[in-house]
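# structure, please.
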Amino acid sequence: MNIFIITMDDPVQTKSFISKIIEARKDDIVGLAISKGDRLTIQKNKSKYEYVFSLLLIMGFYNFTKNSFATISHKIRKKLHSILPSIFLDPTINRIAQVNGIKTWEIKTPNNEHFLDELRQLNIDIIINQSQNILKSELLSIPKIGVINRHNALLPRNRGRLTPFWVLFKGEKETGVSIHFVTEELDAGDIIVQKRFTIENSDNFNSIVKKNYELAPVALLEALDKLEKNNNRFIKNDESLATYNTTPTLKEAWEYRKRKILGIFSSYQIF
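Model prediction:
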């Protein structure tokens, strides 16, 4: 089976996730492309500064600082590699792909016509998409089986962004990971594999994200096996049950942080 991966350049979660897929299926992967855009890419009418401050409230100071340091360090090492490639190793997922004999691309958008022409030459069965781009129909029609995506929620509920935050904000009792087909509609394709777990009282945004990414490679590899065996028993991604999330506002992020603070005091019976 010929697999192609399109991903964003994210050193915090995505690099480790994609590395595990490469390790398990390297003989089947015919190419990997890093597309521009990262987790801070938001809608044009939203303030990036407000979003960053919202993330600080949602993650808490320690985890926000740790992730920021990892991201900034990654960008510095990437710049140094571009200047002195013989001294500084490429810190991106490209290096892991290349070490495993996989051809790599760096692209502005996966919908670029020239890039699509190159994909058409590779006889691709499945494209794994982990980029932040909205994929157009020309790209979706290239692989013989389809384009698939990892989504950190139990679809059809919680389509959209930053789902670990929203399941906590809404007080939901369980969440998980869905591997689903990509269509032109947001997170709307049939679900190939779904893994779920119970949300504990002690969970927070960071622990939910950690659990999601522990399940994600297991779920994705299981989905690839299922598709390879022509097992078409998919879960219907029922539109009538769908809920949608967008980027949290500063007010929503503060409400979440306030509840966490009150929850801590409450557990010590101060209130």
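# so Tyr51 touches Thr247, yeah?
Yes. Between Tyr51 and Thr247 there is a contact under C-beta atoms under 8 Å: 6.0 Å. Bear in mind the C-beta positions are built from the backbone N, C-alpha and C, glycine included.
# more neighbours: those two, which one.
Neighbours were counted for Tyr51 and for Thr247 using other C-beta atoms under 10 Å; Tyr51 has more, 21 against 18.
# and for whatever helix or strand that one lives in, what's in contact with it?
Following DSSP states H and E, one finds Tyr51 within helix 48-59. Residues from elsewhere that reach helix 48-59 (C-beta atoms under 8 Å, 6 or more residues apart in numbering): 40, 42, 64, 67, 162, 165, 205-206, 247-250, 252-254, 256-257.
# restricted to buried residues, select these in PyMOL.
PyMOL command restricting the contacts of helix 48-59 to the buried ones, with burial defined by 16 or more other C-beta atoms under 10 Å:
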select buried, resi 42+64+67+162+165+205+206+247+248+252+253+256+257
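# so which of the contacts of helix 48-59 are in helices?
Under the assignment DSSP state H, those contribute Phe64, Asn67, Phe165, Phe205, Asn206, Leu250, Glu252, Ala253, Trp254, Tyr256, Arg257 to helices.
# the helices in the stretch 1-150 of the chain, which residues?
14-25, 48-59, 61-83, 93-99, 113-120, 137-140 (DSSP state H, counting those that start in this stretch).
# lowest-confidence stretch among these?
Of all the helices of the stretch 1-150 of the chain, helix 48-59 carries the lowest average pLDDT, namely a mean of 91.
# would you mind putting the CA coordinates of that one into PDB?
Extracted in PDB, the C-alpha atoms of helix 48-59 (Å, rounded to 0.1, in the frame of the first residue of the first chain):
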ATOM      1  CA  LYS A  48      -3.300  35.900  17.300                       C
ATOM      2  CA  TYR A  49      -2.300  37.800  20.500                       C
ATOM      3  CA  GLU A  50      -5.700  37.000  22.100                       C
ATOM      4  CA  TYR A  51      -5.400  33.400  21.000                       C
ATOM      5  CA  VAL A  52      -1.900  33.100  22.500                       C
ATOM      6  CA  PHE A  53      -3.100  34.600  25.800                       C
ATOM      7  CA  SER A  54      -6.000  32.200  25.700                       C
ATOM      8  CA  LEU A  55      -3.700  29.300  25.400                       C
ATOM      9  CA  LEU A  56      -1.700  30.500  28.400                       C
ATOM     10  CA  LEU A  57      -4.900  30.500  30.400                       C
ATOM     11  CA  ILE A  58      -5.900  27.100  29.100                       C
ATOM     12  CA  MET A  59      -2.500  25.300  29.400                       C
END
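# got the angle for it vs helix 61-83?
130 degrees (axes from the mean of the first three to the mean of the last three C-alpha atoms, to 10 degrees).
# what are the buried residues along helix 48-59?
In helix 48-59, counting by 16+ other C-beta under 10 Å, buried: Glu50, Tyr51, Ser54, Leu55, Leu56, Leu57, Ile58, Met59.
# I'd like the residues you listed as CSV, with distance to Asn100 appended.
Putting the buried residues of helix 48-59 into CSV (distance: C-beta to C-beta, whole Å) gives the following:
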residue, distance to Asn100
Glu50, 40
Tyr51, 35
Ser54, 37
Leu55, 33
Leu56, 36
Leu57, 39
Ile58, 35
Met59, 32
